[in-house]
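Student: here is a sequence together with a model predicted from it:
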Amino acid sequence: MSIRRTFSTTGRVLRQISHDPRTVALLLVVPSLLIGLVAWLFSDTDVFEQVGPAMLALFPFIIMFLVTSIATLRERRSGTLERLLSMPLAKLEFILGYTFAFGLLAVLQASIAVAFAVWVCGLEIDGPLWLLLCVALADAVLGTTLGLFASAFARTEFQVVQFMPLIVFPQVLLGGIFLPREDMPDVLYAISDWLPLSHAIDALNAVAGDTEDAAYVGGKLLIIGAFALGAVILGAITLRRRTA
Amino acid sequence: MEHSALALRIDGLTVRRGRNVAVRDLDLSLARGELVGLLGPSGSGKTTLMRSIVGVQRLESGTVTVLGQSAGSPPLRHRVGYVTQDVSVYSDLTVRENLSYFATVLGVGGAEIDRVVAATDLGGQLKQLAGSLSGGQVSRVSLAAALLGTPELLVLDEPTVGLDPVLRSELWGLFRELARGGVTLLVSSHVMDEATRCDRLLLMRDGEILADTTPRQLLADTGTSDAEEAFLVLIERHPGERTEERS
Ligand SMILES: Nc1ncnc2c1ncn2[C@@H]1O[C@H](COP(=O)(O)OP(=O)(O)OP(=O)(O)O)[C@@H](O)[C@H]1O
Ligand SMILES: [Mg+2]
């Protein structure tokens, strides 16, 4: 493991994105726009107070998943990955390089989304704001790492897009936005307990309502972190130097 | 050690890709400092052979030993340079950004970048995005990246595609110079007149090496006066079970 090679990969990915200002702009503002839309949609009800915190988990997660998986797929298809794998770049350096690059973008994106939800859309947060930000960040980073992992199984852009309904949508459906997790059928509840997004949404709701202590949220953060770490490790393992 | 004098030694290499046997029970040895041309019709297995040598191809059977070590082993990744058939550079980075990233991965300094830029005549394009370069320019960036760190074995998959005759000739001059300095080069090509600039020629066909010869020997054996004709004569002499069209 070389820190220098890892961070030069991070720098390279960020430089690539910086040459594409439109992507940067979309990446940073789209989650906020969507949150604003939800707030507006439910402006005469108290629904936004209930689902708003979950939105902070949802949109950054989905967008980071998509962007990351497409970026690495492009690398695979352009032949640059093949060149890199014939060079002294460890697979973990490659994966971590990407994780840090998109993780940094995720940090910016989640911060903007939280600020927008709280100060523009008037989302009421009873607990500490920094804790909310931490959960949103962890969640966006999770989207990045899952995207990296998923792209290992995709040969084409079409397949990558198919991973959305496969990996992301079930987590959204079972995450407790549509129906509180406690009210689900037992089997689905048990399944949802194994999906990282459920824990992110639990944590965000806990901070927003100030219903649990920091230790509870910390525990949830650990769970999300463990999933992200697992995805990084699996991503490095499933990245093959030799291909057919 | 017998192997250390050899840049490359392949024994009984077989590679299956999809339903096809892309390389069939192939043996090959290259001495250090040889400039070797790899020719053959489209689909004959040139790229597959090269991928096996740089260690990114899954093998069915056989061994590939590069510079005395098993192909693809970590120490070799500093010592082998590879130009893939598609130009493998980042189209959304400038030429300089591309080269400095690859240089960092290889652990070589900025002086190396200047050297390979001069060798590939890219000084005027350093600040241009690779995606906006002409076909010949971008393939030179790909080549420049492979030259970083002066590898001992260079595996070049059609490095001169899309280049004009002057540039092609300059690059072959560069290849010759590198070989004189002890670098071993394996260069695939479809341009037959380039073949005459090699020390040694390998003709592939259906995953096998049809002829292992020198340019002079090839002309003498086939009674022809140029490489293109000689190649056609050879292919005709060894009719394969399938003939593939060149795109
Ligand atoms: N990814 C792949 N999956 C399945 N078969 C493949 C794959 N890549 C190549 N092949 C097959 O392997 C054989 C050898 O292909 P290869 O790319 O090595 O040929 P080549 O000599 O480099 O051709 P060209 O001159 O067109 O580049 C061909 O029959 C080809 O169809
Ligand atoms: Mg080829």
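Tutor: Arrived safely. Ligands and ions are numbered 1, 2, ... in the order given.

Student: show residues contacting the helix or strand harbouring B:Arg140.
Tutor: In the assignment (DSSP states H and E), B:Arg140 maps to helix B:135-147. Applying Cβ atoms under 8 Å, 6 or more residues apart in numbering or on different chains, the external contacts of helix B:135-147 come out as A:83, B:81-84, B:87-89, B:91, B:95, B:98-99, B:102, B:115-117, B:119-122, B:125, B:130, B:133, B:154, B:156, B:159-164, B:167, B:171. Where C-beta positions appear, they are placed from N, C-alpha and C, glycine not excepted.

Student: now, of those, which are buried?
Tutor: Listed as buried from those are A:83, B:81-84, B:87-89, B:91, B:95, B:98-99, B:102, B:115-117, B:119-120, B:122, B:125, B:130, B:133, B:154, B:156, B:159-161, B:163, B:167, B:171; burial here means 16 or more other Cβ atoms under 10 Å in any protein chain shown.

Student: got the buried residues for the helix holding B:Arg140?
Tutor: Residues B:Gln137, B:Val138, B:Ser139, B:Arg140, B:Val141, B:Ser142, B:Leu143, B:Ala144, B:Ala145, B:Ala146, B:Leu147 are the ones in helix B:135-147 that count as buried (16+ other Cβ under 10 Å).

Student: how far away from the center of its chain is it?
Tutor: Centroid separation between helix B:135-147 and its chain, computed with Cα atoms, centre = their mean, to the nearest Å, is 13 Å.

Student: ok, stretch B:49-66 next?
Tutor: 14 Å.

Student: spell out whether that stretch and ligand 2 are in contact.
Tutor: No. Residues of stretch B:49-66 contacting ligand 2 under Cβ under 5 Å from the ion: none, with a closest distance of 7.8 Å.

Student: can you give me the strands in chain B?
Tutor: Ranges of strands in chain B, per DSSP state E, are B:6-17, B:20-31, B:35-39, B:61-66, B:69-70, B:80-83, B:153-157, B:184-188, B:200-205, B:208-213.

Student: out of those, which comes closest to A:Ile237?
Tutor: strand B:69-70 (21.1 Å; Cβ to Cβ).

Student: what does the closest one rub up against?
Tutor: By Cβ under 8 Å, 6+ apart, strand B:69-70 touches B:Thr63, B:Val64, B:Pro75, B:Leu76.

Student: at 7 Å instead, please
Tutor: Contacts to strand B:69-70, defined as Cβ atoms under 7 Å, 6 or more residues apart in numbering or on different chains, come from residues B:Pro75, B:Leu76.

Student: next: stretch A:160-169.
Tutor: Under Cβ under 7 Å, 6+ apart, the answer for stretch A:160-169 is A:Ile62, A:Phe65, A:Leu66, A:Ser69, A:Ile70, A:Leu73, A:Leu146, A:Ala150, A:Ser151, A:Ala154.

Student: now swap in stretch A:90-97 and tell me
Tutor: With Cβ under 7 Å, 6+ apart, stretch A:90-97 has contacts from A:1-2, A:5-6, A:9-10, A:13, A:84, A:148, A:232, A:235-236, A:239.

Student: just how off-centre is that stretch within its chain?
Tutor: Stretch A:90-97 sits 18 Å away from the centroid of its parent chain (Cα atoms, centre = their mean).

Student: for that stretch, list the C-alpha coordinates in PDB.
Tutor: Output of stretch A:90-97 as PDB, limited to C-alpha atoms (Å, rounded to 0.1, in the frame of the first residue of the first chain):
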ATOM      1  CA  ALA A  90      -2.200  -2.200  -6.000                       C
ATOM      2  CA  LYS A  91      -5.900  -2.900  -6.400                       C
ATOM      3  CA  LEU A  92      -6.700  -1.500  -3.000                       C
ATOM      4  CA  GLU A  93      -4.800   1.700  -4.000                       C
ATOM      5  CA  PHE A  94      -7.100   2.000  -7.000                       C
ATOM      6  CA  ILE A  95     -10.300   1.400  -5.000                       C
ATOM      7  CA  LEU A  96      -9.300   3.700  -2.100                       C
ATOM      8  CA  GLY A  97      -8.100   6.400  -4.600                       C
END
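
Student: can you pull the residues of chain B lying near ligand 2?
Tutor: Counting by Cβ under 5 Å from the ion, the residues of chain B near ligand 2 are B:Lys46, B:Thr47, B:Gln85.
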